[in-house]
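Asks: Take this sequence and fold it.
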Amino acid sequence: MVIILGLLLYATPAAAQAGHQHARATDSAGAEALVGAAPAEAPLDRVGVAPRRLTGYVMTDSSIWTARNAWLSDSAAAEATYGHISTWDTSGVTDMSYLFCTESRISTKCKTAAASFNEDISAWDTSGVTTIYRMFYYASAFNQDLGWCMDDDAYLWSAFSGTPCAETSCGVYEKEQGTCAPTSAPTTSPAPTVTPAPTVTPLIADDSTIRTAVALWLSDRAAAEAMHGHISTWETAQVTDMSYLFFRDSTFDEDISAWDTSGVTTMDEMFEGAQSFNRPIGGWRVDRVTRMYHMFGAAKAFNQPIGNWSVGAVTQLENMFRAASAFNNPIGDWWVDKVNDMSRMFEDASAFNQPLSSWRVESVTDMKEMFQGAKAFNQDLGAWRIDTVTNMREMFQRAKAFDQDLGWCVDYRVHMDDAFDSTACEWTSCGVTHGICWGRDKNRSGVSLVVVIVICLILAICVPLAVSFCFLAGTFGSCSKHKKTPSSPSSSDKV
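Replies: Reported below is the predicted structural model:
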């Protein structure tokens, strides 16, 4: 009995060790680059399965793009840095939109290299993700069963359009009342009343049809999408006039960054009063546009980088950012040499404070109220050539932070009423002289200083010569006048 008991005690550790080795082998075979197991409190990600919390690099909304680009460029090098893409810890990511989109015409984030992407990323933690908008848009090779469980308020529109697994939403589910259920239509509009057909041909717009289509979109988005496709996909290459398109629509905020604006010549009041619009449109081609009057007037949310726009053909910038209270992006590299009207351009643009010193404003005639109420603006404009300006009335009025020594000499004929009222440099008129201007540099010229000097030199030389000549001429004339002439003999002298 003692011998049997001893054998049992000896066998137990050996069996335990063998089981442990078997578990290690199984784990090693099943997870190539994983270290550690998911904590018990990890939220459900794959339906009914806790997500694997992967040790190593924790992705964020910013870093995941760097890693994605690296993977699409050289997957082996990316794996050496971040680990295999299937093991990435995405618990810090909230936005996965466009991540593997291939259609660069839709967004600059899309890469054609994603067309061959077909990695299993089902272990990704999407518990914090709020949008996968167009994540796999036309990623034609992607055909995975992801098994993700997304919150019911996550934005899934067109996430899998153009993929082989689009019909099954690539295994993505939505939570409904705390449990996961298959998402009904992640590739269609979230509007409950209309289910757009997946084969809708995007609108090919011209100056007439785009106005009708936009009006329908703003009044009944679902109907517009069913008829024309999503507004982001509309073909606008034939459109020349986009003025007033979203005029005073306070709710519009769709991504129209892929619109082709290369033929557009007029954008007057396009987003005037569009208080919610704040989408990236910095990639638009606007080199044919001549008018941007009131384009972002009262577009209170807009604050996107548009500094790369080529505005060389524009003549009207009047009211462009008037009351665009959030806008504060650099536009100092704009070529504005053809612009003749900048009146009220930044009026009440309360956040704007960007350098504009390199602007060539020689063609501008009207700057009235240009920075009125732009309470943050305080940039040096002393290099501006304001020769042609005829109206500067209230130009900086209520620009409370403005405190520059401009050094301008403004012709007395230019209207400058209340130009510097309520500025920090009001008592010095911000270094501006308003009167008769002789010089050219930094001011309005009356007569070139060089010309004046030349005239003075000529006069200094010529006047004394002229006086001397007149004096000499007068002297000779006097001598001739008094010269004695022979008189005829008198009668007494006759014999």
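Asks: any idea how far P164 is from L156?
Replies: 18 Å (Cβ to Cβ, to the nearest Å). In this view, the C-beta of every residue, glycine as well, is placed from N, C-alpha and C.
Asks: what do you get for Q275?
Replies: 27 Å.
Asks: next one: M96
Replies: To L156, M96 is 10 Å away according to Cβ to Cβ.
Asks: Report the set of residues contacting both of the two.
Replies: Listed as contacting both M96 and L156 by Cβ atoms under 8 Å, 6 or more residues apart in numbering are T131, I132.
Asks: helices and strands of this structure: which one has the lowest mean pLDDT?
Replies: helix 2-30 (a mean of 43; mean pLDDT, DSSP states H and E).
Asks: residue ranges with poor pLDDT in this protein?
Replies: Across the chain, the ranges flagged by pLDDT under 70 are 1-56, 105-106, 176-199, 439-456, 462-463, 465-495.
Asks: contacting residues for the residue most central in space within the chain?
Replies: Residue closest to the mean C-alpha point of the chain, counted by Cα atoms, centre = their mean, is P305 at 2.1 Å. Taking Cβ under 8 Å, 6+ apart as the criterion, P305 is in contact with P280, G282, N329, P330.
Asks: In a markdown table, list the residues you listed along with distance to E269, secondary structure and neighbour count.
Replies: Converted to a markdown table, the contacts of P305 look like this (distance: Cβ to Cβ, whole Å; DSSP: H, G, I helix; E, B strand; the rest coil; neighbours: other Cβ atoms under 10 Å):
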| residue | distance to E269 | secondary structure | neighbour count |
| --- | --- | --- | --- |
| P280 | 21 | coil | 15 |
| G282 | 20 | coil | 14 |
| N329 | 20 | coil | 15 |
| P330 | 24 | coil | 13 |
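Asks: Out of these, the closest to Y133 would be?
Replies: Nearest to Y133, judged by Cβ to Cβ, of the contacts of P305 is P280 at 13.8 Å.
Asks: Do I have it right that the closest one meets W259?
Replies: No - checked against Cβ atoms under 8 Å, the pair P280 and W259 is beyond contact range at 11.8 Å.
Asks: thinking again about what came up before, any idea how far the residue nearest to the centre of the chain is from V414?
Replies: 34 Å.
Asks: And for P202?
Replies: 51 Å.
Asks: Just want to know which of these two has more residues nearby.
Replies: The neighbour comparison of P202 against V414 (other Cβ atoms under 10 Å) goes to V414, with 18 against 13.
Asks: which residues does that one contact?
Replies: By Cβ under 8 Å, 6+ apart, V414 lies in contact with V389, T390, N391, M392, H434, R444.
Asks: same question, K111
Replies: K111 makes contacts with N69, L72, C101, T102, S104, as judged by Cβ under 8 Å, 6+ apart.
Asks: could I get those residues as JSON lines with neighbour count?
Replies: Formatted as JSON lines, those follow (neighbours: other Cβ atoms under 10 Å):
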{"residue": "N69", "neighbour count": "14"}
{"residue": "L72", "neighbour count": "18"}
{"residue": "C101", "neighbour count": "26"}
{"residue": "T102", "neighbour count": "23"}
{"residue": "S104", "neighbour count": "12"}
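Asks: These in strands, which ones?
Replies: For the contacts of K111, not one is inside strands, with DSSP state E as the criterion.
Asks: Next, count neighbours for F117.
Replies: 23.
Asks: For it, give me its contacts.
Replies: F117 neighbours (Cβ under 8 Å, 6+ apart): L72, F100, A139, A141, F142.
Asks: The fourth one contacts E119, correct?
Replies: By that I understand A141. No - using Cβ under 8 Å, A141 is not in contact with E119, being 9.9 Å away.
Asks: Just the residues contacting stretch 271-279, thanks.
Replies: If you take Cβ under 8 Å, 6+ apart as the criterion, stretch 271-279 is touched by 244, 246-257, 294-304, 326.
Asks: go with 7 Å
Replies: Applying Cβ atoms under 7 Å, 6 or more residues apart in numbering, the set of residues contacting stretch 271-279 from outside is 246-257, 294-304.
Asks: all strands for the stretch 151-300 of the chain, in order.
Replies: Assigned by DSSP state E, counting those that start in this stretch, the strands in the stretch 151-300 of the chain fall at 173-176, 179-182.
Asks: Can you verify my assumption that S358 contacts G332?
Replies: Yes - distance between S358 and G332: 5.7 Å, which falls inside the contact criterion (Cβ atoms under 7 Å).
Asks: can you pull the buried residues of stretch 336-354?
Replies: 336, 338-354 (16 or more other Cβ atoms under 10 Å).
Asks: Sorry, wrong one. I was asking about stretch 69-89.
Replies: Within stretch 69-89, the residues scored as buried using 16+ other Cβ under 10 Å are 70-72, 78-79, 82-89.
Asks: Please write out the alpha-carbon positions of that stretch in CSV.
Replies: Taking C-alpha atoms only, stretch 69-89 is exported to CSV below (Å, rounded to 0.1, in the frame of the first residue of the first chain):
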residue,chain,number,x,y,z
ASN,A,69,0.7,53.0,-44.3
ALA,A,70,3.7,51.0,-43.3
TRP,A,71,1.9,47.7,-43.6
LEU,A,72,0.5,48.5,-47.1
SER,A,73,4.0,49.7,-48.2
ASP,A,74,6.1,46.9,-46.7
SER,A,75,4.3,44.4,-44.5
ALA,A,76,7.5,42.6,-43.4
ALA,A,77,9.1,45.9,-42.2
ALA,A,78,5.8,46.9,-40.6
GLU,A,79,5.6,43.6,-38.8
ALA,A,80,9.1,44.1,-37.4
THR,A,81,8.0,47.4,-35.9
TYR,A,82,4.4,46.8,-34.9
GLY,A,83,4.0,43.0,-34.9
HIS,A,84,1.7,41.2,-37.3
ILE,A,85,-1.4,43.2,-38.2
SER,A,86,-3.7,40.5,-36.8
THR,A,87,-2.1,41.2,-33.3
TRP,A,88,-2.4,44.9,-33.2
ASP,A,89,-3.9,46.3,-30.0
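Asks: Find out how far it is from the centre of the chain, if you would.
Replies: Distance of stretch 69-89 from the chain centroid (Cα atoms, centre = their mean, to the nearest Å) equals 30 Å.
Asks: likewise stretch 249-269?
Replies: Offset of stretch 249-269 from its chain centre (Cα atoms, centre = their mean): 13 Å.
Asks: what's the span of that stretch, first residue to last?
Replies: 12 Å (Cα to Cα, to the nearest Å).
Asks: What lies in contact with it?
Replies: Outside stretch 249-269, the residues touching it (Cβ under 7 Å, 6+ apart) are 105-107, 218, 231-232, 234-244, 246-247, 274-281, 283-286, 288-295, 297.
Asks: Please spell out the ChimeraX selection for the buried subset of these.
Replies: Only the buried entries of the contacts of stretch 249-269 go into this ChimeraX selection, using 16+ other Cβ under 10 Å:
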select :106,107,218,231,232,234,235,236,239,241,242,243,244,246,247,274,275,276,277,278,279,281,284,286,288,289,290,291,292,293,294,295,297
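Asks: Please tell me how far stretch 119-138 is from the chain's geometric centre.
Replies: That offset, for stretch 119-138, works out to 27 Å (Cα atoms, centre = their mean).
Asks: Not counting sequence-adjacent ones, nearest residue to D405?
Replies: Leaving aside its sequence neighbours, D405 sits nearest to G431 (Cβ to Cβ, 6 or more residues apart in numbering; 3.6 Å).
Asks: Just give me the neighbour total for the one you found.
Replies: 15.
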